[in-house]
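J.: Next come a sequence and a model predicted from it.
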Amino acid sequence: MTSWDYVIVGAGSAGCVLAARLSEDPSVRVLLLEAGDRDTAKEVAVPAAFSKLFQTRHDWNYRTEPDPATDSRPMYWPRGKMLGGSSSINAMIYIRGARSDFDGWRDGGCEGWGYDDVLPYFTRSEDNTRGADAFHGVGGPLTVADQRSPSALTLDYLAAAEQAGLPRNGDFNGAEQEGVGLYQVTQKGGRRASTAAAFLRPALKRPNLEVRTLAHATRVLVRGGRAVGVEAVIGGRAEELLADREVLLAGGAINTPQLLLLSGIGPADELRALGVDVAVDAPKVGRNLQDHLSVGTAFNANGSVSYFEADKRIGNVASWLLRRRGPFSSPIAEAGGFVRTEEGLAAPDLQLLFGPAMFVEHGQIDPPGHGFSLGTYLLQPRSTGRITLRSLDPLAPARIEPGYLSDPYDLAVLVRGLRLSLQIAEQSPLARHAAGRYLPEAAQVMDDDRLAEAYVRARSETMYHPTSTAAMGPADDDVCDPALRVRGVDGLRVVDCSAFPAVTRGNTNAPVIMLAEKAADLLRGTVPPQRSAVRSAEVARP
Ligand SMILES: Cc1cc2nc3c(=O)[nH]c(=O)nc-3n(C[C@H](O)[C@H](O)[C@H](O)COP(=O)(O)OP(=O)(O)OC[C@H]3O[C@@H](n4cnc5c(N)ncnc54)[C@H](O)[C@@H]3O)c2cc1C
């Protein structure tokens, strides 16, 4: 077959959901293209092993441009390159975002994307092991579970955070986001529940769904103002794959704008300067890049309390193999929460993370011994960056300029977060485990603003949530309209986290799954699910 109804580019968080939902109708032919390979590496299923996939062939392994605001450090940005995309490499924390994020999308002109509109899509996906309630669903493809074996150190972190004055929250995706607690995770029976595992795999037997891996889309074919298919390199050969209805871009926040630019859809001046024929002058393609910037701290521990060398202990291996429990089932960032650092903020501005291990430089350097990490990240950055073409070679990486800390407000909030992490670490339930601070090295970051700012500039890293580089919005120059259609071309939509009008407060996998669920309904022309969980909850949460 060389033509399908829908051609989807990218089998990541969004692409797998979309392919599974659209192929529910046996009369609709769907092709899903994935540049990476299958997701059979054992590190995919084992939750705690995710950082072992970094800088392998399952990772796009991006580097950002150096920027003086972050000490001119090219930063490492992992992105999943296999079935499941970044949901096959991520830390599995299940967070939807604050009510005000989606209400903000709606109030900014994206009708149909307010919290009450999107809640039914979150619950439709979900199979929450706690059962259904006003905010949660059961019976959906995506298992959302409590952690099976949180560490005792993590429970001490929670006690320390409470002692520091933060309230407990048993459900960050419920009525209130604020507070600290254990994260729920996208895992089924202790194994990773990527969108490939949860949505795509059960759909693979359908004859109307074709999946091609190691298939890198290089261009959208635009003819007579309409996207008619894509060109892709498959097995070293360029092929044209035609879509009778629509082409759906789900390559993620870096690759989707890159593909649009390569296809002549982007800022006209920029494209002409590179020698690209302009199909549509779309000035915002690649602009408005938003990401969560994080800053971490790490402590040496005075006993064998952490996950240091946990993979070398036979008991831990057995515990996972036999019962899918123990440190191997850990998302590493086991606990954390949401705080407002200023009175009067409508919603939290920082997220907290705790890991019962030293997690330094993306887990890529061996820790010196037992220890633990506290991190924090900025939820609503004012700084934005951009994605542009580095080269006309579609297989070369795009240029990533994150623009971190270009707004000084962001630096001030991160310094507050750094100090809050240190303050929590000083509380007795956690302090009793500490045998000295490993990071930050400088003793006076609590009192000396210059030192604290220097630490943030020198040590901050991505929290892996880039979004909004082909954002939907109501204005003529917004890349997509609120139905995710790319303006200026028929038959082309963006269905991934590039389309977020703004990054959400929290981890981005759940909202991108929600967006793909809603996109499927927009494409099928079905009415949104009627169950408004908030109003019609009948089943009480245990
Ligand atoms: C290390 C890491 C940890 C994270 N931790 C969490 C977490 O704990 N919780 C959470 O909620 N979120 C987390 N995230 C973020 C979350 O996983 C992403 O926001 C989400 O997966 C993005 O979904 P997407 O569909 O937009 O893109 P992706 O899932 O990245 O999918 C894009 C897919 O398209 C493919 N592709 C790209 N270009 C092409 C092309 N030209 N042709 C064919 N295929 C192409 C890619 O290979 C990939 O499979 C993390 C991300 C990372 C990287």
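T.: Done, it's in.

J.: Find the closest residue to the ligand in the chain.
T.: Among residues of the chain, the one nearest the ligand by Cβ to the nearest ligand atom turns out to be G12. It sits 1.7 Å away. For glycine as for every other residue, the C-beta is placed from the backbone atoms N, C-alpha and C.

J.: Quick one: residues contacting the residue lying closest to that residue once chain neighbours are set aside.
T.: For G12, ignoring the flanking residues on the chain, the nearest one in space by Cβ to Cβ, 6 or more residues apart in numbering is G85 at 2.1 Å. G85 makes contact with G10, A11, G12, S13, A14, G15, C16, E34, G36, R79, T195, G252 under the criterion Cβ atoms under 8 Å, 6 or more residues apart in numbering.

J.: make it 7 Å
T.: Applying Cβ atoms under 7 Å, 6 or more residues apart in numbering to G85 gives the contacts G10, A11, G12, S13, G15, G252.

J.: pLDDT score assigned to it?
T.: You'll see G85 listed with a pLDDT of 98.

J.: next one: phi and psi at it?
T.: Per-residue torsions, G85: phi 50, psi -130 (degrees, to the nearest 10).

J.: any idea how far S3 is from P356?
T.: Computed with Cβ to Cβ, to the nearest Å, the distance linking P356 and S3 is 52 Å.

J.: Of those two, which one has the most company?
T.: P356 (30 against 14; other Cβ atoms under 10 Å).

J.: thought that one was touching Y307?
T.: Yes: with contact defined as Cβ atoms under 7 Å, P356 reaches Y307; the gap is 5.6 Å.

J.: Could I get the full set of strands for the stretch 51-200 of the chain?
T.: 62-63, 76-77, 126-128, 142-144, 179-182, 187-188, 191-192 (DSSP state E, counting those that start in this stretch).

J.: Flag every residue of this protein that's near the ligand.
T.: 9-15, 33-36, 78-81, 85-87, 89-93, 95, 216-217, 250-252, 255, 259, 464-465, 496-497, 507-510, 512 (Cβ under 6 Å from any ligand atom).

J.: quick one, what contacts G108?
T.: G473, P501.

J.: rerun at 8 Å
T.: With Cβ under 8 Å, 6+ apart, G108 has these contacts: G473, P474, P501, A502.

J.: I'd like those residues written out as TSV, with pLDDT added.
T.: Listed next are the contacts of G108 as TSV, based on pLDDT from 0 to 100:
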residue	pLDDT
G473	98
P474	98
P501	98
A502	98
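
J.: starting at the chain centroid, how far to the lengthiest strand in the chain?
T.: The longest strand of the chain (DSSP state E) is strand 237-249. The chain centroid and the centroid of strand 237-249 are separated by 26 Å under Cα atoms, centre = their mean, to the nearest Å.

J.: Stretch 477-491 now?
T.: 23 Å.

J.: can you check stretch 371-384 too?
T.: The mean C-alpha position of stretch 371-384 is separated from the chain mean by 14 Å, Cα atoms, centre = their mean.

J.: cool, and stretch 427-438?
T.: 31 Å.

J.: what does that stretch contact?
T.: Residues external to stretch 427-438 that are found in contact with it (Cβ under 8 Å, 6+ apart): 153, 156-157, 159-161, 163-164, 297-303, 305, 358, 360, 368, 371-372, 424-425.

J.: Looking only at stretch 264-284, what residues are buried by neighbour count?
T.: Buried residues in stretch 264-284, counted by 16 or more other Cβ atoms under 10 Å: G264, I265, G266, P267, E270, L271, V276, A279, V280, D281, A282, K284.

J.: now, which of the residues you listed sits nearest S72?
T.: If you rank these by distance to S72 using Cβ to Cβ, E270 comes first, at 23.9 Å.

J.: Which residue comes closest to the closest one once chain neighbours are left out?
T.: Nearest to E270 is T388, by Cβ to Cβ, 6+ apart, at 6.7 Å.

J.: For that neighbour, give me the pLDDT.
T.: We have a pLDDT of 98 for T388.

J.: Just to check, it is in contact with L260?
T.: No: assessed by Cβ atoms under 8 Å, T388 is found out of contact with L260, at 11.5 Å.

J.: Neighbour count: the two, which is higher?
T.: L260 (28 against 19).

J.: Tell me how far that one lies from Y438.
T.: According to Cβ to Cβ, L260 stands 43 Å off from Y438.

J.: quick revisit: any of the contacts of stretch 427-438 buried? List them.
T.: By 16+ other Cβ under 10 Å, the contacts of stretch 427-438 give 153, 156-157, 160-161, 163-164, 297-301, 305, 358, 360, 371-372, 424-425 as buried.

J.: Sort out for me which of these are in helices.
T.: Applying DSSP state H to the buried ones among the contacts of stretch 427-438, the entries found in helices are L153, D156, Y157, A160, A161, Q163, I424, A425.

J.: Okay, now the unreliable bits of the stretch 101-250 of the chain?
T.: Counting by pLDDT under 70, not a single residue of the stretch 101-250 of the chain qualifies.

J.: what are the ranges of the helices in it?
T.: Under the criterion DSSP state H, counting those that start in this stretch, the stretch 101-250 of the chain contains helices at 115-125, 152-163, 195, 201-203.

J.: What of the stretch 251-400 of the chain?
T.: Taking DSSP H, counting those that start in this stretch, the helices of the stretch 251-400 of the chain run over residues 252-262, 268-274, 314-323.

J.: Out of the ones you listed, which is the most enclosed?
T.: helix 252-262 (a mean of 27; mean count of other Cβ atoms under 10 Å).

J.: the inter-axis angle of that helix versus strand 237-249?
T.: 120 degrees (axes from the mean of the first three to the mean of the last three Cα atoms, to 10 degrees).
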